[in-house]
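In: give me coordinates for this.
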Amino acid sequence: MNEMLGNHYFQLRNFQLAETAFTVESITSPANLKMVKKLIICYTQTNKTKLAVSLLKDTIQKNISSIIGSIRNEDDCPCMGLIGQIETGFVVYPDEIEKHTVLGILWLYCDIVTSIQYFKMGLNQEPKNEQINSILQLIETHYQNSNHQFNP
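Out: Numbers count the residues shown, from 1 in each chain. Below is the predicted model:
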């Protein structure tokens, strides 16, 4: 029931209410990756970047393809619109590390290379950030193992 309600709010782009419903659902269905993917996006939009990072790291450690393999149209992914708002300055974050982290997360749903670039920008500002380091290593390893050549 909470997942259906969360999906409804997510489609309406009411990320606060979607987050609440998905959080309740995640307690009983933590393996529901479709819901977890949406919860991560909600966290990026409700100023809970640390929760988004933590949940993203846990999710990609278990199944990185669940995020990277997202199909925007089928999953009702709002990422490109959200990315546009951030990149144009319509949505502002308190500092560049948070901005680049959120962009790294959102781009991971759409384009792995751009995601890596944003995570690296964030890491340049805070080189000892273990969470971002870990996420970046997981993403780069996946990308390299996917037989892609990478050299940004």
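In: what's the lowest-mean-pLDDT helix or strand in the chain packed up against?
Out: Least confident helix or strand of the chain, by mean pLDDT, DSSP states H and E, is helix 65-68 with a mean of 88. Contact analysis of helix 65-68 by 3 or more CB pairs under 8 Å, 6 or more residues apart in numbering; DSSP states H and E lists helix 33-45, helix 49-63, helix 130-145 as its packing neighbours. Bear in mind the C-beta positions are built from the backbone N, C-alpha and C, glycine included.
In: so what secondary structure elements neighbour the second one?
Out: Of the remaining helices and strands, those touching helix 49-63 by 3+ CB pairs under 8 Å, 6+ apart are helix 33-45, helix 65-68, helix 96-108, helix 130-145.
In: quick one: mean pLDDT over the last one.
Out: Right, helix 130-145. Helix 130-145 comes out with an average pLDDT of 94.
In: what about the chain, any weak spots by pLDDT?
Out: Residues of the chain that meet the criterion pLDDT under 70 lie in 69, 71-75, 147-152.
In: related to what we said a few turns ago, quick check: next helix or strand after the least confident helix or strand of the chain?
Out: Where DSSP states H and E defines the elements, the next helix or strand beyond helix 65-68 is helix 79-87.
In: buried set for that following helix?
Out: Across helix 79-87, burial judged by 16 or more other CB atoms under 10 Å covers 79, 82, 83, 86.
In: spit out the contact partners of the second one.
Out: Spelled out, that is residue 82. 41, 44, 45, 91, 106 (CB atoms under 8 Å, 6 or more residues apart in numbering).
In: go again with 10 Å.
Out: Going by CB atoms under 10 Å, 6 or more residues apart in numbering, residue 82 touches 13, 15, 41, 44, 45, 90, 91, 102, 103, 105, 106, 109.
In: many thanks, have a good one.
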